[in-house]
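In: Got a sequence here, can you build the structure:
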Amino acid sequence: MQDVPAADPGRYRALIISALPQFVGRQFTTLSEGWDSVALECDGWVFKFPRSEPAAERLKREVALLGFLRPRITMALPQPIWHEGEEPFTQHRKIPGTFLETAQYLALDEGRRNAIAMRMAQLYAELHQLPLARMQQVGAVAVDPWMAPDDILAGVLTRLPRKLHAFVRRTVKAYRKLRIEGDELVYGYFDGHGWNMAFDDKTGLLNGVYDFADSGFGSRHRDLSYSNWISADLTLRIIDRYEELTRRSIDRNLVMLYTSALRLAELAAEFLPEETAIANVTGWITELEAIAPRLAKG
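Out: Numbers count the residues shown, from 1 in each chain. This next block holds a predicted model:
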């Protein structure tokens, strides 16, 4: 993957102060330097700067979507303000909490795991019931497609040991057959992994979620797959509660297929260092083997 150009926090700080002089003399810290945007924090406020015109369009769309979603969604969401200008940026109060990563989740007791699962299931249930036509009016668009099956196949076979080729071919064959038809199409979050969660590591509770720039129209089952980055155990708990809330049956194997395809696509696309991407694939295969009895029951 091409390296992300270095950000210039000093310039962003100057832009914030020129628009909001009350922040003169305050201490700014850099929260993240992504490909699309740079985020700074000061006194509990988060400022996000897009790094390209397409990123600016996504960020402005996110502001509109969150303005519509906040009164309709139970989960705490950011409330960004759009600052127009030659270099536009957003401003919102930080939802307190840290990332929810695998080790933190696995350290939780049953009650707290179930509480997080219920919060996420409720979020998905509320998002998925929103009328598609209304969300299109607000500004929602289709989510970005993942890599084509043939490109995945060509990009991973030479990078993985032969003993994993059967898994690769089986995954790509099933992935090739996927269709989004009927009520499989929903407006969803499509970014529900632990790096977009505000997790209170003292209480073990989920305070909220953020980053809706990648939300949009796509597959219901794909939307339910992103928590696999934390743990497949969490995803299965979310699905159990989602089915109770929506009275809708979810194909657990299909949810897991989306994650398998994504892990392979990231390896093929050289999105991550090769060693990391291969470890993600092999680790996921091990996790699938561990949950196989629960998938059979589901």
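In: What segments of the stretch 101-250 of the chain are strands?
Out: Using DSSP state E, counting those that start in this stretch, the strands found in the stretch 101-250 of the chain span residues 185-188, 197-200, 205-209, 216-219.
In: To residue 120, which of those lies closest?
Out: Ranking those by distance to residue 120, with CB to CB as the measure, places strand 205-209 first at 7.4 Å. The C-beta positions use only the backbone N, C-alpha and C, and glycine is treated the same way.
In: The closest one pairs with which strands, and in what direction?
Out: Using DSSP bridges, the strands paired with strand 205-209 in its sheet are strand 197-200 (antiparallel).
In: which residues are in contact with the strand it pairs with?
Out: Contact partners of strand 197-200, identified using CB atoms under 8 Å, 6 or more residues apart in numbering, comprise 76, 95-100, 104, 116, 205-210.
In: Please compute how far it lies from its chain's middle.
Out: Here the centre of mass of C-alpha atoms in strand 197-200, compared against the chain's by CA atoms, centre = their mean, to the nearest Å, lies 14 Å away.
In: Which pLDDT value goes with residue 1?
Out: At residue 1 the predicted local confidence, pLDDT, stands at 35.
In: Quick one: mean pLDDT over the helix or strand hosting residue 296.
Out: Here residue 296 sits within helix 274-297, counting by DSSP states H and E. Averaging pLDDT along helix 274-297 gives 94.
In: and residue 170, which of the strands of the stretch 101-250 of the chain is closest to it?
Out: When these are ranked by proximity to residue 170 (CB to CB), strand 216-219 comes first, at 19.5 Å.
In: Tell me the helices and strands packed up against the helix holding residue 296.
Out: Taking 3 or more CB pairs under 8 Å, 6 or more residues apart in numbering; DSSP states H and E as contact, the helices and strands that helix 274-297 lies on are helix 232-246, helix 252-268.
In: And that helix, what's buried?
Out: Burial within helix 274-297, assessed by neighbour count using 16 or more other CB atoms under 10 Å, is assigned to 277-278, 280-281, 284, 287-288, 291.
In: now it, how far from the centre of its chain.
Out: Worked out by CA atoms, centre = their mean, helix 274-297 lies 19 Å from the chain centre.
In: May I see the PyMOL selection of the buried members of the contacts of strand 197-200?
Out: To isolate the buried ones among the contacts of strand 197-200 in PyMOL, judged by 16+ other CB under 10 Å, type:
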select buried, resi 76+95+97+100+116+206+207+208+209+210
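In: from the contacts of strand 197-200, which two are the most distant?
Out: Comparing every pair within the contacts of strand 197-200 by CB to CB identifies 76 and 104 as the most remote, at 18.8 Å.
In: mind checking which helix or strand of the chain has the lowest mean pLDDT?
Out: Least confident helix or strand, the chain: strand 29-33 with a mean of 88, by mean pLDDT, DSSP states H and E.
In: Surely residue 176 touches residue 149?
Out: Yes: with contact defined as CB atoms under 8 Å, residue 176 and residue 149 form a contacting pair (4.3 Å).
In: Show me which of those two is the more surrounded one.
Out: Neighbours per residue, other CB atoms under 10 Å: of residue 176 and residue 149, the larger number sits with residue 149, 19 against 13.
In: OK, contacts around the more buried one?
Out: With contact taken as CB under 8 Å, 6+ apart, residue 149 is in contact with 172, 175-176.
In: if you set the cut-off to 10 Å instead, what comes out?
Out: The neighbourhood of residue 149, defined by CB atoms under 10 Å, 6 or more residues apart in numbering, consists of 171-178, 261, 264-265.
In: try residue 236
Out: 117, 227-228, 250, 252, 255-256, 291, 294-295, 297-298.
In: Farthest pair within the residues you listed?
Out: Set against one another by CB to CB, the contacts of residue 236 have their most distant pair in 227 and 297, with a gap of 19.2 Å.
In: Now tabulate the helices and strands packed on helix 274-297 in CSV and tack on mean pLDDT and distance to residue 15.
Out: As requested, the helices and strands packed on helix 274-297 are exported to CSV (pLDDT from 0 to 100; distance: least, CB to CB, whole Å):
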stretch, mean pLDDT, distance to residue 15
helix 232-246, 98, 38
helix 252-268, 98, 33
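In: what's the closest of those helices to residue 32?
Out: When these are ranked by distance to residue 32, counting by CB to CB, first place goes to helix 252-268 at 18.8 Å.
In: Spell out the secondary structure type for residue 57.
Out: Per DSSP: H, G, I helix; E, B strand; the rest coil, the local secondary structure of residue 57 is helix.
In: hang on, isn't it packed against residue 50?
Out: Yes: counting by CB atoms under 10 Å, residue 57 touches residue 50, with 8.1 Å between them.
In: any idea how far residue 151 is from the closest residue in space to residue 78 that isn't next to it in sequence?
Out: For residue 78, ignoring the flanking residues on the chain, the nearest one in space by CB to CB, 6 or more residues apart in numbering is residue 92 at 4.3 Å. Residue 92 is 37 Å from residue 151, where distance means CB to CB, to the nearest Å.
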